[in-house]
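[1] Sequence isn't available, so here's the structure alone:
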């Protein structure tokens, strides 16, 4: 039996100049038109906060024992229940945590979703929903995540046939209980 469990605690997380480093993904998928061809449109997956009051993209602490791509993939699996290809980093943002009153360093990646799981670690804590880009931008709580979404939109719109980036990495993260 395979059991997926979310990591908890901050004792094994990375910090840069006193700022906790959080890593996240913007999960996306290309829309398929009715005739089976890939459309030039795409959708992004947003999740609710744990308290359910806000929408955002999956993100969380970068652990000492994992690469940055593994952290991004793990957060998407734990919080949104998706697996896919983590692509080239969108950027790095310094932001103030509203709940903790401290500055964090946020690093965001696009993830081309390959699989959406029926069961995932935080399914009882969060809602997930696919939205059009403009809807996601409007709904997203955090300014820095909106900026990351803008970078993704620019990157995909300037990419011929919206092909995934060359530096894609598929990371497998399944913990055995």
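    Here it is on my side, so go on. On a predicted model such as this, the values are computed, not experimentally measured, just so you know.
[2] residues of stretch 22-37 that come out buried?
    Of all the residues in stretch 22-37, those buried under the rule 16 or more other CB atoms under 10 Å are 22-30. (Glycine included, C-beta is placed from N, CA and C.)
[3] can you map out the strands along this structure?
    Ranges of strands within the chain are 15-16, 19-32, 38-48, 55-56, 59-61, 82-86, 91-96, 103-116, 128-132, 169-170, based on DSSP state E.
[4] Output the contacting helices and strands for the second one.
    Other helices and strands packing on strand 19-32, by 3 or more CB pairs under 8 Å, 6 or more residues apart in numbering; DSSP states H and E, are strand 38-48, strand 59-61, helix 68-80, strand 82-86, strand 103-116, helix 143-157.
[5] Within its sheet, name the partner strands of it and how each one runs.
    The strands beside strand 19-32 in its sheet (DSSP bridges) come out as strand 15-16 (antiparallel), strand 38-48 (antiparallel), strand 59-61 (antiparallel), strand 103-116 (parallel).
[6] hmm, who's touching stretch 151-159?
    Contacts of stretch 151-159 with the rest of the structure, by CB atoms under 8 Å, 6 or more residues apart in numbering, involve 26, 28, 42, 44, 90-91, 108, 110, 133, 162, 165.
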